[in-house]
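Student: Predicted model and sequence follow; I will ask about them next.
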Amino acid sequence: PSSPTTTLSLDEYKRYGRQMIVPQFGSLPSQLRLKQAKILVVGAGGLGCPALLYLSAAGIGTIGIVDDDVVDISNLHRQVLHTSENVGMYKCESAKLYISRLNYHVNVETYPVRLTNDNAFSIVSKYDLVLDCTDHPAIRYLINDVCVILSKTIVSGSGLKSDGQLSVLNFQTYGPCYRCFYPQPPSPDSVTSCSDGGVIGPAIGLVGTSMAVETIKVLTGYYTRENFKPFLSVYSGYPFQQFRMFKMRGKQKSCEVCGEKPSVTRDKIESNELNYGVFCGRVTFPPL
Amino acid sequence: PSSPTTTLSLDEYKRYGRQMIVPQFGSLPSQLRLKQAKILVVGAGGLGCPALLYLSAAGIGTIGIVDDDVVDISNLHRQVLHTSENVGMYKCESAKLYISRLNYHVNVETYPVRLTNDNAFSIVSKYDLVLDCTDHPAIRYLINDVCVILSKTIVSGSGLKSDGQLSVLNFQTYGPCYRCFYPQPPSPDSVTSCSDGGVIGPAIGLVGTSMAVETIKVLTGYYTRENFKPFLSVYSGYPFQQFRMFKMRGKQKSCEVCGEKPSVTRDKIESNELNYGVFCGRVTFPPL
Amino acid sequence: MTIKVKVEFLGGLDVISNSIREHKCVVPYEEGEATMKELIDHITKTIISDPKDIPVFIEDGTVRPGILVLINDTDWELEGMEEYVIESGDVFTFTSTLHGG
Amino acid sequence: MTIKVKVEFLGGLDVISNSIREHKCVVPYEEGEATMKELIDHITKTIISDPKDIPVFIEDGTVRPGILVLINDTDWELEGMEEYVIESGDVFTFTSTLHGG
Ligand SMILES: [Zn+2]
Ligand SMILES: [Zn+2]
């Protein structure tokens, strides 16, 4: 790849100065790590919008955005990176437009496609870290399996109504993965999307914003193999707002993808032998 | 005032449908309450930007924005409503530009001035609720006193580095106010602004987003005098993200502004007999 | 004697208990005599308001996949799962996995 | 006998204790014999790492204005403030008021 970035311009010093002086951030070396980082955001919806806003503002060097959906008026109460005039445009393109105005230092790459068994390896392999901002377990398992096989850390968020969840998965191939937490998929009738079940905009927004905080921690090296503890954080918006951290299991030896005898392999995914829609109880892929 | 809004357009139904189906939100009557609401956001910075994004997206009818500051490049890592091309523009005008593109149903009123003893009553009296997104105790006491005297509920947020705080003050004149919590101002050397002390963008963003959730709860009538309990919620971004709710004292009989024998009156404020800069240990007002 | 514990439903799982998120539970066993098995049985019988909601909570005799179980804020997997011996003062949290975004 | 409590510093107040947010404190009193006064005194003597940081925590003999004190997640104002009798298992949280935005 390209030679390492070792300096910031004066414009970048001014722009990022206020975060570089926060002790936990880690000053210039951390800012350079963000500048060198390449991250992939899958889903530019209720979670992806605030995550993209804050991560592009923070100075991540390269951000890829995967979303094959177009902006709909019913998205706008929570997907605040898209505007009324962008209704009908691909969400990834709409997001890119705003990001380029917010911070021209960020290189944005867009993929107006659905992430599938066929394209996931080639897309994910270009990035260091993946934010799972998607809306269905089938694609969450796909992202997980591909990231485990390609050794990418996942920052995973989800939400519905006024609740949310946050985790860092497959941390440096050392932490547990999505399958370690959820070896069996949920039954299809227990799966509800934000479009079907509804969602309070700032509640899902808060979870997306918290994903940006975790991404900064991972990329700046705040988390290490020594101090990283598997967790799942749970947000509730009602009756009072709270965000609680639960201590979770580590990597499971029995895990089908990151365990000792993995049955999920790149070959099984790329050959479509593993059908995530069927695995999660649907014959076809649902939309993101 | 104007006659009550009793309907939504088809565009509004589509736009707000996904939040109207969330049980705690309260469906159509709550959406109409948001449409009729007039809120004032003081400070269009790290807290104000996400609060404005999510509240305008949610369909608040009228939003006033007070900020006499102009967009600086050092703001952009956290004040994500402003873009690189708006550097030098008043923050309230920059915010209005984006909000009008996000949701043309919102009426935005801008005040490119500092909130002072002289103008605070005339500005605040036009609104139902105030979001305190400011950056110094002097203006926090001013906002508090004016809102108590005018019977306005305050949604109050603050943050620094990777920490934050959230509260609802003077709830329907029944809840405690800022002076109930903090009868004495902090000594000036313990006061640090985000510009001086630094701040992680999504950390302050998370607090601003949580202010939008509380504002929705207040405006939709989720909180009542019966169920409202005084609280202060505390966010920490490091070492792990948590948002904890602390149960707080109620209204204090001894409070100088909302208590039994208030010494702080409209006359004392408007005559400048009460000098908030001196009260908080500075002779002149610091910038927002 | 009885065992007094707190049971919470998060992530929308309070649908199975009349939207009540927090329950103080008095489990009719002596300290040391009841495990998660007995607690889950007790919850099924006393907290779930509508019998047709039982399958939302229980599948094949245990907590349904997609529901996370936390014992005092820790994954029950780290605490012995069904074999964990419950104690007065324990907090048990059940939360649905969310998939929306 | 001693009283075992947890002391937390939030909102940046951990600057006075070498950036350590959580402390397990063993207070050298019998149960029932120590109030917040004794606890604050104990904290000042044993946790604050640099004596010149004491004024960041204490002013005029009590906790400085701008620091909120919580006893088991509740404002100490509701619990008797300095007069509260501390018990083993209590959690005491001290947090600076933040003013930034
Ligand atoms: Zn695994
Ligand atoms: Zn008061």
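Tutor: In hand now; what should we look at? Ligands and ions are numbered 1, 2, ... in the order given.

Student: of all of chain C, which residue lies closest to chain D?
Tutor: C:Gly89 (10.0 Å; C-beta to the nearest C-beta). The C-beta positions use only the backbone N, C-alpha and C, and glycine is treated the same way.

Student: thought that residue was touching C:Cys25?
Tutor: No - using C-beta atoms under 8 Å, C:Gly89 makes no contact with C:Cys25, being 11.7 Å away.

Student: what about the two, which has more around it?
Tutor: C:Cys25 (18 against 10; other C-beta atoms under 10 Å in any protein chain shown).

Student: Doesn't the more buried one belong to a strand?
Tutor: Yes - checked against DSSP: H, G, I helix; E, B strand; the rest coil, C:Cys25 lies within a strand.

Student: Quick check, it in contact with C:Phe9.
Tutor: No - using C-beta under 8 Å, C:Cys25 is not in contact with C:Phe9, being 12.0 Å away.

Student: Can you give me the neighbour number for A:Gly175?
Tutor: Neighbours of A:Gly175 (other C-beta under 10 Å): 23.

Student: Can you check which residues contact both of C:Gly89 and C:Cys25?
Tutor: The contact sets of C:Gly89 and C:Cys25 overlap at C:4-5 (C-beta atoms under 8 Å, 6 or more residues apart in numbering or on different chains).

Student: ok, the closest residue to chain C within chain A to A:His136 distance?
Tutor: Nearest to chain C in chain A, going by C-beta to the nearest C-beta, is A:Pro186, at a distance of 3.2 Å. Per C-beta to C-beta, to the nearest Å, A:Pro186 is found 11 Å from A:His136.

Student: Name the residue in these two with the higher neighbour count.
Tutor: A:His136 (24 against 18).

Student: I figured that one was touching A:Cys194, is that so?
Tutor: No - contact criterion C-beta under 8 Å: A:His136 and A:Cys194 do not qualify, at 10.6 Å.

Student: related to what we said a few turns ago, give the full set of residues in contact with the residue of chain C closest to chain D.
Tutor: By C-beta under 8 Å, 6+ apart, the neighbours of C:Gly89 are C:4-5.

Student: Now do the phi/psi pair for the residue of chain A found nearest ligand 2.
Tutor: As assessed by C-beta to the ion, ligand 2 sits closest to A:Phe240 within chain A, at 21.1 Å. Per-residue torsions, A:Phe240: phi -130, psi 150 (degrees, to the nearest 10).

Student: most residues in a single strand of chain C, which one?
Tutor: strand C:3-10 (DSSP state E).

Student: What parts of chain C come near chain A?
Tutor: C:10-12, C:21, C:56, C:59, C:64-66, C:68, C:70, C:73-75, C:77-78, C:93, C:95-101 (C-beta under 8 Å from any C-beta of the partner chain).

Student: can you give me the strands in chain C?
Tutor: Under DSSP E, chain C gives strands at C:3-10, C:22-27, C:58-59, C:62-63, C:67-71, C:74-75, C:91-96.

Student: quick one: strands adjacent to the second one?
Tutor: With DSSP bridges as the test, strand C:22-27 is paired with strand C:3-10 (antiparallel).

Student: average model confidence for the strand it pairs with?
Tutor: The average pLDDT within strand C:3-10 is 95.

Student: What is the burial count for A:Lys152?
Tutor: 21.

Student: Enumerate the residues of the stretch 1-150 of chain A near chain C.
Tutor: So the stretch 1-150 of chain A meets chain C at A:43, A:45-48, A:132-137, A:140 (C-beta under 8 Å from any C-beta).

Student: and with 6 Å instead?
Tutor: A:43, A:45, A:47, A:133-137 (C-beta under 6 Å from any C-beta of the partner chain).

Student: Can you check those residues and name whichever has the most neighbours?
Tutor: A:Leu47 leads these on contacts (other C-beta under 10 Å) with 35 neighbours.

Student: Can you give me the pLDDT of that residue?
Tutor: In this model, A:Leu47 carries a pLDDT of 98.

Student: again, but for C:Ile67
Tutor: pLDDT, read off for C:Ile67, is 93.

Student: which of the residues in the lowest-mean-pLDDT helix or strand in chain A are buried?
Tutor: Using mean pLDDT, DSSP states H and E, helix A:194-197 stands out as the lowest-scoring helix or strand of chain A, at a mean of 87. For helix A:194-197, the neighbour count (16 or more other C-beta atoms under 10 Å in any protein chain shown) marks A:194-195, A:197 as buried.

Student: Turn those residues into a markdown table, including distance to A:Ile154.
Tutor: A markdown table is the format used below for the buried residues of helix A:194-197 (distance: C-beta to C-beta, whole Å):
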| residue | distance to A:Ile154 |
| --- | --- |
| A:Cys194 | 20 |
| A:Ser195 | 23 |
| A:Gly197 | 23 |
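
Student: Could you export those residues as TSV, including distance to chain D?
Tutor: Below are the buried residues of helix A:194-197 laid out as TSV (distance: C-beta to the nearest C-beta, whole Å):
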residue	distance to chain D
A:Cys194	30
A:Ser195	34
A:Gly197	31
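
Student: hang on, the earlier thing: just the buried residues of the residues of chain C next to chain A.
Tutor: Using 16+ other C-beta under 10 Å, the buried ones in the residues of chain C next to chain A are C:10-12, C:56, C:59, C:64, C:66, C:68, C:70, C:75, C:77, C:93, C:95-101.

Student: Let me know whether my guess that A:Ile217 is in a strand holds.
Tutor: Actually, residue A:217 is Lys rather than Ile. No - per three-state DSSP, A:Lys217 lies outside any strand segment and is helix.

Student: okay, now it: neighbour count?
Tutor: There are 25 residues near A:Lys217, going by other C-beta under 10 Å.

Student: In chain A, where is pLDDT below threshold?
Tutor: A:1-5, A:282-288 (pLDDT under 70).

Student: can you pull out the helices in it?
Tutor: A:10-20, A:27-36, A:48-58, A:91-102, A:120-124, A:137-149, A:178-181, A:194-197, A:201-219, A:266-270, A:276-279 (DSSP state H).

Student: A:Gly59 contacts A:Arg33, correct?
Tutor: No - with contact defined as C-beta atoms under 6 Å, A:Gly59 does not reach A:Arg33; the gap is 10.0 Å.

Student: higher neighbour count, these two?
Tutor: Ranked by neighbour count (other C-beta under 10 Å), A:Gly59 and A:Arg33 place A:Gly59 first, with 24 against 20.

Student: residues contacting that one?
Tutor: A:16, A:34-35 (C-beta atoms under 6 Å, 6 or more residues apart in numbering or on different chains).

Student: could you pick out which of those residues are near ligand 1?
Tutor: Contacts with ligand 1 are made by none of those, judged by C-beta under 5 Å from the ion.

Student: Mind giving me the PyMOL command for buried ones among those?
Tutor: Only the buried entries of these go into this PyMOL selection, using 16+ other C-beta under 10 Å:
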select buried, chain A and resi 16+34+35
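
Student: And C:Asn72, how close does it get to A:Lys261?
Tutor: 33 Å.
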